[in-house]
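1. Requesting a structural model of the entry that follows:
(one chain, ligands or ions: 1)
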Amino acid sequence: MEVFKVNRNIAQLIVLQRIELIGPILKKLRKLFGRYIYSNFLSKYFINVSEISNKYYLLMENEYKYIDSFLKNGQNILSVGAGVGGLELLIYQKKKNIRLTFIEKNYISKKIVYGWDDKNNEAYNDLNLLEKFLLKNNMGNESFQIFDFDKNDLPNKKFDLIISLYSLDFHYNFELYKSYFQKVSTQETVIIFDTIRPDYFHTIFEEVKIIKKDSNTLHKSKRIACKCFKN
Ligand SMILES: C[S@@+](CC[C@H](N)C(=O)[O-])C[C@H]1O[C@@H](n2cnc3c(N)ncnc32)[C@H](O)[C@@H]1O
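-> This next block holds a predicted model:
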C-alpha cells in the first residue's frame, strides 16, 4: 500500500487534527489525564507512527473521492485549515499542474478543545511541519505557498476551487473568511466546506449542493459545495 512519509512530530499533528485516528486506549488516557497532557505528551509518545500514517492515507483517499468531481488539471486551489495537507498532496499527485495555496495557523493550543470556537483561538498546526510533510512526500516547492492566517497578508488572486475540511464553519464562523472569499473567487469558483447549518448558505450563495453527510459524528455536519455569491 502507498502511504505518506511521516515522522513522529507530523504524526502527532495528524492525530490532533483528526482525533478519530486514535485508538480506544489513547481515548481512555485522554479522559484520564486530561486535555493538557494529551495535547502535549500522550499524542506524541503514545502513538504508532506508521499506523497513523497508514490510517491517515486511507482517510484522505476517502476524502478525495468526495471532491474528485470538482477537480481538473491546472487548477489554482486554496486550502483553508488543511492540517498537514494529506488531501492536497493526493490532489497534487493525481492531477497535473496544480497550484496550491495554504492558509493555516501556526501554533498548537495548550489544551485543545474541539467544537465551535467563536473567538477562533483553537489551532493545531505547525507551518514548518506542514512544509516538511509536503516536501518529504515530493510536492514540488514551486507548486505551493503557505500563509499564516495570524501574520501574513492573505494572497490576492483568483482561485478555481476553495477547500476547507472540518475547519471553516465547522470550528469557527464562515464570516471570518466571507469578504476574503468574495475577493478571491469568480462566478465559477467552487467553495467546499463542512457545516452543521447548510440551509443558511442558501442566503449567501446561488448554488449549494450537499456532497457528504456525517450523521454518525457528534456534530452531524454536512459537506457542501457552494458557487456564486449572491449580490
Ligand atoms: C480539525 S482540523 C482539520 C484539518 C484538515 N482539514 C483535515 O481534514 O484533516 C482544523 C484545522 O483548522 C486550522 N485552523 C483553525 N483556525 C484557522 C483559520 N482561521 N484559518 C485557517 N486554518 C485554521 C487548525 O489549525 C487545524 O489544522
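2. Show me which residues of this structure sit near the ligand.
-> In this structure, the chain approaches the ligand at residues 17-18, 80-83, 103-105, 120, 123-125, 149, 165-167, 171-172, 176, judged by C-beta under 6 Å from any ligand atom. Where C-beta positions appear, they are placed from N, C-alpha and C, glycine not excepted.
3. now those residues: which count as buried?
-> The neighbour count (16 or more other C-beta atoms under 10 Å) marks 17-18, 80-83, 103-105, 123-125, 149, 165-167, 171-172 as buried among these.
4. Which other helices and strands does the helix ranked longest in the chain contact?
-> If you go by DSSP state H, the chain has its longest helix at helix 49-67. In terms of contacts (3 or more C-beta pairs under 8 Å, 6 or more residues apart in numbering; DSSP states H and E), helix 49-67 is packed against helix 8-17, helix 86-94, strand 205-213.
5. Which strands and helices lie in contact with the last one?
-> Contact partners of strand 205-213 among helices and strands, from 3+ C-beta pairs under 8 Å, 6+ apart: helix 49-67, strand 190-195, strand 222-229.
6. the bottom helix or strand of this structure by mean pLDDT?
-> Least confident element among the helices and strands of the chain, by mean pLDDT, DSSP states H and E: helix 35-37 (a mean of 90).
7. moving C-terminal of it, what's the next helix or strand?
-> Downstream of helix 35-37, the next assigned helix or strand under DSSP states H and E is helix 43-45.
8. Just give the nearest non-adjacent residue to Glu131, would you?
-> Ile146 (6.0 Å; C-beta to C-beta, 6 or more residues apart in numbering).
9. Doesn't Leu100 lie inside a helix?
-> No: under DSSP: H, G, I helix; E, B strand; the rest coil, Leu100 sits outside any helix and is assigned strand.
10. Run a quick check on it versus Val80, I expect a contact.
-> No: contact between Leu100 and Val80 fails when scored by C-beta atoms under 8 Å: they sit 11.7 Å apart.
11. on that earlier part again, list the contacts of the least confident helix or strand of the chain.
-> When contacts are defined by C-beta atoms under 8 Å, 6 or more residues apart in numbering, helix 35-37 is touched by residues Lys110, Lys111, Ile112, Val113.
12. where does the last one land in three-state SS?
-> Taken by three-state DSSP, the conformation at Val113 corresponds to coil.
13. Please report how far it lies from the ligand.
-> The gap separating Val113 from the ligand is 12 Å, by C-beta to the nearest ligand atom, to the nearest Å.
14. any idea whether the residue nearest to that residue when sequence neighbours are not counted is helix, strand or coil?
-> Excluding its sequence neighbours, the residue lying closest to Val113 (C-beta to C-beta, 6+ apart) is Glu122, at 6.0 Å. What three-state DSSP gives for Glu122 is coil.
15. contacting residues for the most centrally placed residue in the chain?
-> Residue closest to the average C-alpha location in the chain (C-alpha atoms, centre = their mean): Ala82, at 2.9 Å. Taking C-beta under 8 Å, 6+ apart, we find Ala82 in contact with Glu88, Phe102, Glu104, Leu130, Ile163, Leu165, Ser167.
16. Mind picking the one among those that's closest to Lys31?
-> Of all these, Ser167 has the smallest distance to Lys31: 24.9 Å, by C-beta to C-beta.
17. Would you check that the closest one makes contact with Thr195?
-> No: counting by C-beta under 8 Å, Ser167 does not reach Thr195; the two are 10.7 Å apart.
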